[in-house]
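Colleague: task: produce atomic coordinates for the following.
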Amino acid sequence: MSEKVVVIYSGGMDSFTVLNKAIREGKSPLALSFDYGQRHKKELVYAAAVCDELGVPHKVVDISAINSLVGGSALTDDIDVPEGHYEEPSMQQTVVPNRNMILLSLAVGYAVSQGANKVFYGAHSGDHAIYPDCRPEFVERMNQVCAIANYEAVEIVTPYLQDSKTAILTDGLKMGLDYGKTWTCYNGREKACGKCGACQERLEAFRDNQATDPLEYE
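Modeller: Sure, this is the predicted structure:
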């Protein structure tokens, strides 16, 4: 019987690759998505469609009530999404306070209730510049806590923690994945903006791989 694991699945490129990687490694994934009030909620529609196609059990949990406590991000509040590369200081406006600690805590609880001992999420090196909760030291300490937080130890697994978005895409293209089934843009409009940090990093990854992004851009 294949190993049951929980995959935090946003509907974006990184978690899409992680989900498919887990399947190819023989795991039996339970996909978990969160509606935390993000303006790019469109990613959840993409996540649902992929899980339906793959036959992966999928839960979408509404935790948008947390915004009364952890506001101030361009992803959740009425603040313009900054344009530019992730390494620019302005992109710190897209940080949602404590987001991944909250999401991982919920995912670990779900894993314990389902008899799974691993939670996968798609942190990568391109996130390290501005997202503290995607850095190796955060993952290390979360693993220490998750080993003792329940009677059952749960491991936080980050297959691409030391890899760039370019490397993740390279791996996904080798798997034959269709990235037209993912949504990255922080603006949840009909087409991707091509200007926010998420779009720029995505487009850079496709250029580095000498590939064409199947998404339409404004």
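Colleague: buried stuff in the strand ranked longest in the chain?
Modeller: Longest among the strand segments of the chain by residue count, using DSSP state E, is strand 28-35. For strand 28-35, a neighbour-count test (16 or more other Cβ atoms under 10 Å) marks 29, 30, 31, 32, 33, 34 as buried. To be clear about C-beta, it is placed using only N, CA and C from the backbone, and glycine gets the same treatment.
Colleague: neighbouring strands of it in the sheet, and parallel or not?
Modeller: The pairing partners recorded for strand 28-35 under DSSP bridges are strand 4-8 (parallel), strand 58-62 (parallel).
Colleague: list the helices and strands the helix or strand following that strand packs on?
Modeller: Proceeding N to C from strand 28-35, the next assigned helix or strand is helix 42-54, under DSSP states H and E. Counting contacts by 3 or more Cβ pairs under 8 Å, 6 or more residues apart in numbering; DSSP states H and E, helix 42-54 packs against helix 13-24, strand 28-35, strand 58-62.
Colleague: can you put those in a markdown table and add distance to residue 212 and mean pLDDT?
Modeller: Listed next are these as a markdown table, based on distance: least, Cβ to Cβ, whole Å; pLDDT from 0 to 100:
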| stretch | distance to residue 212 | mean pLDDT |
| --- | --- | --- |
| helix 13-24 | 14 | 97 |
| strand 28-35 | 27 | 96 |
| strand 58-62 | 28 | 96 |
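Colleague: thinking again about what came up before, pick the most deeply packed of the strands paired with strand 28-35.
Modeller: Neighbour counts averaged per stretch over those are highest for strand 4-8, at a mean of 24; criterion: mean count of other Cβ atoms under 10 Å.
Colleague: any stretches of this protein with poor pLDDT?
Modeller: Residue ranges of the chain with pLDDT under 70: 39-40, 70-96, 126-130.
Colleague: for it, which helix is longest?
Modeller: If you go by DSSP state H, the chain has its longest helix at helix 99-114.
Colleague: can you pull the buried residues of that helix?
Modeller: In helix 99-114, counting by 16+ other Cβ under 10 Å, buried: 99, 100, 102, 103, 104, 105, 106, 107, 108, 110, 111, 112.
Colleague: would JSON lines of the helices and strands packed on helix 42-54 with distance to residue 144 be doable?
Modeller: Below are the helices and strands packed on helix 42-54 laid out as JSON lines (distance: least, Cβ to Cβ, whole Å):
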{"stretch": "helix 13-24", "distance to residue 144": "22"}
{"stretch": "strand 28-35", "distance to residue 144": "22"}
{"stretch": "strand 58-62", "distance to residue 144": "25"}
